[in-house]
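# pasting a predicted model and its sequence here:
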Amino acid sequence: MKEPFFAYIQQLQDTITCKLTEIDGQAQFLEDQWVREEGGGGRTRVIENGAVFEKGGVNISKVFGKLPESMQKYFGVQDADFFACGLSLVLHPKNPMVPTVHANWRYFEMYDKKGEIVDQWFGGGQDLTPYYLFEEDAQHFHQVCKHVCDAHHPEFYSTYKRKCDEYFWNAHRNEARGVGGLFFDYCKAKEDFTMEDWYNFVTSVGNSFLDSYIPIVTKRKDFAYSQEQRNWQEIRRGRYVEFNLVHDKGTLFGLRTNGRIESILMSLPPHVQWVYDHHPKEDSEEAKLLEVLKNPVDWV
């Protein structure tokens with residue numbers, strides 16, 4: 001399972017970065033191949049200072065070796081080895097009318113002392129973080145998510161949409177990071193759904209990413225905006241940073257397994273503001289966004 005999935009994310013990285021380069025029209029992705037001392041490595045691709053994308057990364061990694069002690073305690077195992085591979089992307093557009101997007105698709109195996117697989121699972125998802133709320137954009141993103149889920153199981157969309165709303169929740173702010181999407185983890189074989197079935201589902205979600213996001217970028221990237229709206233974007237980016245550094249399991253896993261810091265933290269935007277006790281004007285477009293973030297919506 002691990003070799004086909006790693007081959008898949010290599011191809012998917014090429015497909016996504018090629019399309020994003022075309023959409024941006026100015027900047028190119030810088031590729032950085034790296035090696036992890038304990039085993040494995042990755043291929044980081046970062047775009048900066050583009051016409052559309054102020055900063056973004058589309059990264060793949062394959063890491064393996066002895067499961068660190070902190071993670072052994074987390075999983076309740078001893079003397080275990082592991083293998084993990086995945087693609088992770090974050091895109092921070094320049095125009096505040098274009099939402100930030102995050103996605104990842106990953107596979108994990110754990111082994112006993114004999115090298116035999118004792119556990120394996122898939123995980124991943126994709127979610128949208130707007131700075132100004134265009135309801136039709138949120139509806140489009142979720143409709144694509146629902147369409148791909150429905151092809152595999154009638155309950156997947158409602159289940160993973162709810163999990164996304166729960167996961168991407170900034171508890172210390174009592175608000176969502178964005179308008180959600182899909183989040184699934186620890187997807188293991190069961191009687192009516194094999195690991196091959198999970199592979200087909202996760203790769204279908206990965207293949208749907210460009211369809212869910214690119215039409216929104218194309219529609220909004222040339223909208224006019226003011227410095228005040230740009231300031232609001234940077235303030236909201238601060239909440240994005242807070243979630244990634246305080247709550248995100250992927251960031252914590254990378255740090256605990258001696259992952260590559262530059263690749264882990266590529267998700268952070270380049271220009272951010274933290275304004276003391278900031279509140280938008282009542283009935284403003286900014287306030288409208290906050291209402292939705294405090295009360296997740298069923299978009300489709």
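Now that the structure is in, tell me what you want to look at.
# could I get the average pLDDT for stretch 255-275?
Average pLDDT, stretch 255-275: 86.
# name the nearest residue to Q120, ignoring sequence neighbours.
For Q120, ignoring the flanking residues on the chain, the nearest one in space by Cβ to Cβ, 6 or more residues apart in numbering is E109 at 4.6 Å. (Glycine included, C-beta is placed from N, CA and C.)
# ok, now which ones touch the one you found?
1-2, 82-84, 117, 119-120 (Cβ atoms under 8 Å, 6 or more residues apart in numbering).
# that one belongs to a helix, doesn't it?
No. Read with DSSP: H, G, I helix; E, B strand; the rest coil, E109 is strand and lies in no helix.
# how much space separates it from F5?
10 Å (Cβ to Cβ, to the nearest Å).
# and D79, by the same measure?
Applying Cβ to Cβ to D79 and F5 gives a distance of 25 Å.
# S284 too?
45 Å.
# which one of these two is surrounded by more residues?
Using other Cβ atoms under 10 Å, the more surrounded residue of S284 and F5 is F5, with 23 against 11.
# buried ones in the helix or strand harbouring that one?
Taking DSSP states H and E as the definition, F5 sits inside helix 2-24. Going by neighbour count (16 or more other Cβ atoms under 10 Å), the buried part of helix 2-24 is 2, 5-6, 8-9, 12-13, 16-17, 20-21, 23-24.
# average model confidence for that helix?
98.
# got the angle between the helix or strand that it is followed by and helix 2-24?
Remark: after helix 2-24, the chain's next helix or strand is strand 30-35, criterion DSSP H and E. Angle of strand 30-35 versus helix 2-24, following axes from the mean of the first three to the mean of the last three Cα atoms, to 10 degrees, is 160 degrees.
# and strand 30-35, how far out from the chain's middle?
Its chain's C-alpha centre and that of strand 30-35 lie 20 Å apart, by Cα atoms, centre = their mean, to the nearest Å.
# what helices or strands is it leaning on?
With contacts taken as 3 or more Cβ pairs under 8 Å, 6 or more residues apart in numbering; DSSP states H and E, strand 30-35 sits against strand 40-48, helix 261-264.
# repeat that with 10 Å
strand 40-48, strand 53-66, helix 261-264 (3 or more Cβ pairs under 10 Å, 6 or more residues apart in numbering; DSSP states H and E).
# what comes up buried for the last one?
For helix 261-264, the neighbour count (16+ other Cβ under 10 Å) marks 263-264 as buried.
# ok, then the element right after that helix?
Toward the C-terminus from helix 261-264 - assigned by DSSP H and E - lies helix 285-294.
# show me the contacts of E109 that map onto strands.
82-84, 117, 119-120 (DSSP state E).
# name only those of those residues that count as buried.
Here, 16+ other Cβ under 10 Å leaves 82-84, 120 buried among the ones in strands among the contacts of E109.
# ok, those residues vs E291, which is closest?
Proximity of these to E291 was ranked by Cβ to Cβ; the top entry is A84 with 38.0 Å.
# thinking again about what came up before, with respect to F243, which of the ones in strands among the contacts of E109 is nearest?
Nearest member of the ones in strands among the contacts of E109 to F243, counting by Cβ to Cβ, is A84, at 21.6 Å.
# surely that closest one touches F64?
Yes. Counting by Cβ atoms under 10 Å, F64 is a contact partner of A84 at 7.2 Å.
# name the residues contacting each of the two.
In terms of Cβ atoms under 10 Å, 6 or more residues apart in numbering, A84 and F64 are both contacted by the residues 2, 40, 109.
# picking up where we left off before, who touches both of E109 and F5?
Joint contacts of E109 and F5 (Cβ under 10 Å, 6+ apart) are C85.
# biggest helix in the protein, by residue count?
helix 195-220 (DSSP state H).
# next, the angle from it to helix 2-24.
Using the same axes, to 10 degrees: helix 195-220 against helix 2-24 is 10 degrees.
# avg pLDDT for helix 195-220?
98.
# quick one: the next helix or strand after that helix to helix 285-294, angle?
Note on helix 195-220: by DSSP H and E, the next helix or strand toward the C-terminus is helix 227-246. Using the same axes, to 10 degrees, one finds that helix 227-246 and helix 285-294 are set 20 degrees apart in direction.
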